[in-house]
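Peer 1: sequence first, predicted model second:
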Amino acid sequence: LMDLDLMCVGNHEFDFGQDNFHRIVGMAEFGVLSANIYREADGQRLVNPWAVLPLPDGTQCAIIGLTSKDTAVETLPKNVAGLRFADPIQECRRLLDEIVGQAEFLVALSHIGYEEDLKLAEACPELDVIIGAHSHTVLERPVRVGKTLICQAGSYGRYLGQLDMLVRDGDVAKHRGFLRE
């Protein structure tokens, strides 16, 4: 109903094991991202690390998915057997070096928690926006770290976060962010 474009893998996607994870990802009518989950057997990422979507003005927007490295211990070990959860901030830093030049606007779709989002903004100042989750933090308005806007809308669907932006030359010229109940 929300017409989603993308989602980031979170720790609860593994609550019922990897077979169920792959089943629900296969049913999704939108992209599922995570840059830092690897299969140990072949060293390949479990899902796509990032995607590019055009903004209404034609600006290319790269969205990177980042999952909590603690996912390995936040579910039953058998549910994530054979997976490696790399440091999300290091993975983002590495990917940004690869992505810069392919997109003018950079977004992290994170499931690493608010405190880690703050660290991510410091470590990756090229990011324009971080849409975060995991810590259940309610931010009534976006928090700015450098030029990066950080947004979180709590948990359990209580709020829907809305961020309206005027993007000029790949930068946020103006913004308005708030929560809807």
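Peer 2: Happy to help now that I have it. Numbers count the residues shown, from 1 in each chain.
Peer 1: partner residues bridging the residue lying closest to Ile63 once chain neighbours are set aside?
Peer 2: Once flanking residues are discounted, Ile63 sits nearest to Val107: 4.6 Å by Cβ to Cβ, 6 or more residues apart in numbering. Heads up, the C-betas are built off the backbone N, CA and C, glycines and all. Val107 has these beta-bridge partners by DSSP bridges: Ile63, Val129.
Peer 1: what's the spacing between Val107 and Leu118?
Peer 2: 16 Å (Cβ to Cβ, to the nearest Å).
Peer 1: swap in Ala108?
Peer 2: Distance from Ala108 to Leu118, by Cβ to Cβ: 12 Å.
Peer 1: the two: who's more crowded?
Peer 2: Counted by other Cβ atoms under 10 Å, Ala108 and Leu118 do not tie: Ala108 has more neighbours, with 31 against 16.
Peer 1: measure the closest residue to that one other than its chain neighbours to Asp117 for me?
Peer 2: Leaving aside its sequence neighbours, Ala108 sits nearest to Ile130 (Cβ to Cβ, 6+ apart; 4.6 Å). Note on Ile130: its distance to Asp117, by Cβ to Cβ, is 5 Å.
Peer 1: now for the two: what residues contact both?
Peer 2: 108, 110, 150 (Cβ atoms under 8 Å, 6 or more residues apart in numbering).
Peer 1: let me know the closest of these to Val73.
Peer 2: Distance to Val73 across the shared contacts of Ile130 and Asp117 (Cβ to Cβ) is lowest for Ser110, with 18.3 Å.
Peer 1: ok, now which ones touch that closest one?
Peer 2: 8, 65-66, 88, 116-117, 120, 130-134.
Peer 1: secondary structure element for it?
Peer 2: Using DSSP states H and E, Ser110 sits in strand 105-111.
Peer 1: which one (most neighbours) among the contacts of Ser110?
Peer 2: Among the contacts of Ser110, the one with the most neighbours (other Cβ under 10 Å) is Leu66, at 33 neighbours.
Peer 1: part of a strand, is that residue?
Peer 2: Yes. Counting by DSSP: H, G, I helix; E, B strand; the rest coil, one finds Leu66 located in a strand.
Peer 1: what's the burial count for the nearest residue to Glu104 once chain neighbours are set aside?
Peer 2: Computed as Cβ to Cβ, 6+ apart, the closest residue to Glu104 that is not its neighbour in sequence is Gly170, at 3.3 Å. By other Cβ under 10 Å, the residues close to Gly170 number 14.
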